[in-house]
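Chemist: Provided below are the primary sequence and the corresponding predicted coordinates.
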Amino acid sequence: MTTIPVGDDYEVRIGRDLPVEIPKADQAAVLFAAPLRAHAERIAARIDAKVTLIEVPDAEAGKSLATAERCWATLGAAGFTRQDVVVGVGGGAVTDLAGFVAACWLRGVRVVQVPTSLLGMVDAAVGGKTGVNTGAGKNLVGAFHPPALVLCDLATLETLPEPELVNGMAEVAKYGFIADPVILDLIADDFRRHVPELVERSVRVKAEVVADDLRDTGRREFLNYGHTLGHAIENREKYRWRHGHAVSVGLVFAAALARLDGRLDQATADRHRAVLSGLGLLTAYPKEAWPDLRAAMRVDKKSRGATLRFVVLDGLARPTIMTAPSEELLEAAYAEVAS
Ligand SMILES: NC(=O)c1ccc[n+]([C@@H]2O[C@H](COP(=O)([O-])OP(=O)(O)OC[C@H]3O[C@@H](n4cnc5c(N)ncnc54)[C@H](O)[C@@H]3O)[C@@H](O)[C@H]2O)c1
Ligand SMILES: O=C(O)C(=O)C[C@@H](O)[C@H](O)[C@H](O)COP(=O)(O)O
Ligand SMILES: [Zn+2]
């Protein structure tokens, strides 16, 4: 087992068949979606407390205020107090929801995250960003609420459908471009052979950044590489597109922005498309969508008033912020992903 500390706050444990060590509590509420029922029941059986299992709708359908409200009703009925603990078992959608439910209940109870998707392990379950989607956009309602513990059991990835593994690789590649290029070499070598090392390297990048900037006021914004356009695509697709594919298009777009602005060399920009399409991720989106996407990007959390701000690279592993790119530059960069 590898243990990665997130500052002095909590740790991320990575390994196979990890022991389920939930902090002491009278009660635990285990949130899960249908595909993870058996896994959630196994975890529940190992928790030394009164356990309430709460099934939520799968994937983005569960990441809603209505579902959160139903969870809070269940916690209320069970008499859940501040010494109790919420456990999120599933992909990033369930861990985002579980974190949000815990952040708001009694203004904050502990949450233990047990991610079961690659994306959940390398990104969503670590760092304390929690939230739900609303009609206004992706993740616009939420709270910073770090977990008490994160358990990444690599054995659970054996049941993860192949397309979901590919989906998670978009965030892994993101870490390669913004911080750890060895990740890109491992991907080039055949990523399936390196999943444990890729999880570990990704979590190390994320843990180091969020320990330094939990509230996204500085360098944490770099973890949002590719997400400004990515979230706009997810919103336009009404969350039917997988997060990783939307981020993948957003990464190629951000690389084009930097190259066209004279910051990034052609080879590194081209490497984005090569790595992501090589993984089987999407790298294009319809040309006619631009006005919708341009409008949706206004509510990106990095925006300041009407000013858009993008994470771009000045070079491999040299992320920075580009503020207020011209409309011409944005359109030229979009032309490079437009199909
Ligand atoms: N909070 C953050 O910092 C953060 C970071 C990245 C992404 N996210 C969010 O995470 C979400 C995406 O997460 P995701 O890609 O894990 O998607 P997901 O949670 O929708 O899971 C994808 C599918 O895989 C299934 N699944 C998960 N683990 C499985 C397993 N071991 N076996 C079989 N099926 C399994 C799920 O039930 C679901 O059907 C998005 O909502 C995104 O916004 C949050
Ligand atoms: O942890 C972060 O910070 C990130 O930006 C990680 C992203 O991969 C993740 O999708 C996150 O949920 C996006 O955050 P948001 O603040 O843009 O909603
Ligand atoms: Zn993401």
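Modeler: Happy to help now that I have it. Ligands and ions are numbered 1, 2, ... in the order given.
Chemist: C-alpha only now, for contacts and for neighbours.
Modeler: Will do.
Chemist: the strands in the stretch 1-150 of the chain, which residues?
Modeler: Secondary structure of the stretch 1-150 of the chain (DSSP state E, counting those that start in this stretch): strands located at 2-6, 10-15, 27-33, 50-56, 85-90, 110-115, 129-134, 137-144, 149-153.
Chemist: now do the stretch 201-339 of the chain
Modeler: 309-313, 319-323.
Chemist: buried deepest among these, which one?
Modeler: Mean neighbours per residue, mean count of other CA atoms under 10 Å, is largest over the strands of the stretch 201-339 of the chain for strand 309-313, with a mean of 25.
Chemist: what lies in contact with that one?
Modeler: Residues from elsewhere that reach strand 309-313 (CA atoms under 8 Å, 6 or more residues apart in numbering): 178, 221-222, 224-226, 228, 254-255, 257-258, 263-264, 302-303, 319-325.
Chemist: of all the strands of the stretch 1-150 of the chain, which lies closest to Val210?
Modeler: Using CA to CA as the measure, strand 2-6 is the one of these that comes nearest Val210, at 7.5 Å.
Chemist: residues of the closest one that come out buried?
Modeler: Ile4, Pro5, Val6 (16 or more other CA atoms under 10 Å).
Chemist: the helices in the protein, which residues?
Modeler: Listed in chain order, the helices found in the chain under DSSP state H are 37-45, 65-78, 92-104, 118-119, 162-178, 182-190, 195-212, 227-236, 243-260, 266-279, 290-296, 327-335.
Chemist: would you format those helices as JSON lines with mean pLDDT and mean neighbour count included?
Modeler: Compiled in JSON lines, those are given as follows (pLDDT from 0 to 100; neighbours: other CA atoms under 10 Å):
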{"stretch": "helix 37-45", "mean pLDDT": "97", "mean neighbour count": "16"}
{"stretch": "helix 65-78", "mean pLDDT": "98", "mean neighbour count": "16"}
{"stretch": "helix 92-104", "mean pLDDT": "98", "mean neighbour count": "29"}
{"stretch": "helix 118-119", "mean pLDDT": "98", "mean neighbour count": "26"}
{"stretch": "helix 162-178", "mean pLDDT": "98", "mean neighbour count": "23"}
{"stretch": "helix 182-190", "mean pLDDT": "96", "mean neighbour count": "16"}
{"stretch": "helix 195-212", "mean pLDDT": "98", "mean neighbour count": "20"}
{"stretch": "helix 227-236", "mean pLDDT": "96", "mean neighbour count": "25"}
{"stretch": "helix 243-260", "mean pLDDT": "98", "mean neighbour count": "27"}
{"stretch": "helix 266-279", "mean pLDDT": "98", "mean neighbour count": "17"}
{"stretch": "helix 290-296", "mean pLDDT": "97", "mean neighbour count": "15"}
{"stretch": "helix 327-335", "mean pLDDT": "98", "mean neighbour count": "16"}
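Chemist: if we can go back for a sec, any idea which of the strands of the stretch 1-150 of the chain scores lowest on pLDDT?
Modeler: The stretch with the lowest average pLDDT out of the strands of the stretch 1-150 of the chain is strand 137-144, scoring a mean of 92.
Chemist: for that one, buried residues please.
Modeler: Taking 16+ other CA under 10 Å as the basis for neighbour counts, the residues of strand 137-144 that come out buried are Gly137, Lys138, Asn139, Gly142, Ala143, Phe144.
Chemist: tell me how far the fourth one lies from Ala148.
Modeler: When CA to CA, to the nearest Å is the yardstick, Gly142 and Ala148 sit 18 Å from each other.
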